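Enquirer: Build me a model from this:
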Amino acid sequence: MLGRYLLSGLLRCPCGANFEAQNAPHGKWHKGGVYVCSAHRRKGPAICANRLALPIAETDDRILAVIEGQVLQPMLIEAVLRTVFVADEADRPSLEAEREDLERQMDNLTAAVKAGGDIPCS
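Expert: Numbers count the residues shown, from 1 in each chain. Down below sits the predicted model:
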């Protein structure tokens, strides 16, 4: 199930295990699945007593709303980009050469797609 559900493996139970997706038990939720503690599900209540089952769709929507509302703010994004992408001035010539090479490759690919032929190598 890894990859199909947004928060599988990212949510943590207080016992330290990941939450994972499973089909919803009959009668509790009409549609979709739930996130449950993998230790409780696989090893039982003797290992983890947490029986919490979070509806997948509702949980994903709420967490994405928080991310969108609080994390994806322009000021925060700008601060992160300034911090992460600070290039040393000595690297500038090699970065510019790499950019020019990538632009040339993109031009070649674009021309090949337009022409419908083989992709030229440069």
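
Enquirer: Assign a three-state SS to Leu7, would you?
Expert: What DSSP: H, G, I helix; E, B strand; the rest coil gives for Leu7 is coil.

Enquirer: what's the neighbour count on Leu54?
Expert: Leu54 has 17 neighbours, counted by other C-beta atoms under 10 Å. (C-beta placed from N, C-alpha, C; glycine too.)

Enquirer: Help me confirm that it is found in a helix?
Expert: No - assignment of Leu54 by three-state DSSP gives strand, placing it outside any helix.

Enquirer: give the contact list for it.
Expert: For Leu54, the contact set (C-beta atoms under 8 Å, 6 or more residues apart in numbering) comprises 11, 19, 34-36.

Enquirer: Quick one: low-confidence residue ranges for this structure.
Expert: For the chain, the stretches flagged by pLDDT under 70 are 1-3, 25-31, 87-89, 113-122.

Enquirer: What ranges does it have for its strands?
Expert: Counting by DSSP state E, the chain has strands at residues 19-23, 33-37, 53-55.

Enquirer: coming back round to it: which of the contacts of Leu54 has the largest number of neighbours?
Expert: Neighbour max across the contacts of Leu54 (other C-beta under 10 Å) = Phe19, 26 neighbours.

Enquirer: I'd guessed that residue sits against Ser38; true?
Expert: Yes - in this structure Phe19 lies within contact range of Ser38 using C-beta atoms under 8 Å: 6.8 Å.

Enquirer: Overlap of the contact sets of those two?
Expert: With C-beta under 8 Å, 6+ apart, Phe19 and Ser38 have common neighbours Cys13.

Enquirer: With respect to Ala97, which of the strands of the chain lies nearest?
Expert: Using C-beta to C-beta as the measure, strand 19-23 is the one of the strands of the chain that comes nearest Ala97, at 46.0 Å.

Enquirer: who are the neighbours of the closest one, in terms of helices and strands?
Expert: strand 33-37, helix 38-43 (3 or more C-beta pairs under 8 Å, 6 or more residues apart in numbering; DSSP states H and E).

Enquirer: what are the pairing partners of it, and which direction each?
Expert: Under the criterion DSSP bridges, strand 19-23 sits next to strand 33-37 (antiparallel) in its sheet.

Enquirer: thinking again about what came up before, out of the contacts of Leu54, which comes closest to Phe85?
Expert: Taking C-beta to C-beta as the measure, Phe85 sits nearest to Leu11 out of those, at 30.0 Å.
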